[in-house]
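Visitor: what shape does this take:
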Amino acid sequence: QVQLVGSGGGLVQAGGSLRLSCAASGRTFSSPAMGWFRQVPGKEREFVAATSWSGGTTYYADSVKGRFAISREYAQNTVYLQMNSLKPEDTAVYYCAASVSGASLKTGRVDYWGQGTQVTVSS
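Guide: Numbering: from 1, shown residues only. This is a model prediction of the structure:
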């Protein structure tokens, strides 16, 4: 089992920045790739970003390319999502996720989910 604990959400004005964190524990070697999804009420959860175990390969949804950056810190088994130039349409509950590969995450194949953290961007 892998446990994921996400944090860092909040309220920010359009154009502002937030950084989300997700700490992994447990059998992380079984699902080493990590990433983020988001969901708004009434819509399906959508992929946002992912990183491979090595951090050498990253994946982004077209809607966040150039604004969001995913990174990981191996010593603390933590992945970060730096969100810049936030827009009201980025408002959602953001979920941390883990899987066997970054490519898997991009296609929605998730092994483990963390609890969500709310991000609200005001106009």
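Visitor: give the contact list for residue 87.
Guide: Residues in contact with residue 87, defined by Cβ atoms under 8 Å, 6 or more residues apart in numbering, are 14, 121. To be clear about C-beta, it is placed using only N, CA and C from the backbone, and glycine gets the same treatment.
Visitor: report the separation between it and residue 30.
Guide: Counting by Cβ to Cβ, to the nearest Å, the gap from residue 87 to residue 30 is 35 Å.
Visitor: same deal with residue 116?
Guide: Taking Cβ to Cβ as the measure, residue 116 falls 23 Å from residue 30.
Visitor: residue contacts, the closest residue to residue 85 other than its chain neighbours?
Guide: What sits nearest to residue 85 in space, not counting adjacent residues and going by Cβ to Cβ, 6 or more residues apart in numbering, is residue 67, at 4.6 Å. Neighbouring residues of residue 67 by Cβ under 8 Å, 6+ apart: 83, 84, 85, 86.
Visitor: in three-state terms, label the third one for me.
Guide: When states are read from DSSP: H, G, I helix; E, B strand; the rest coil, the local structure at residue 85 comes out as coil.
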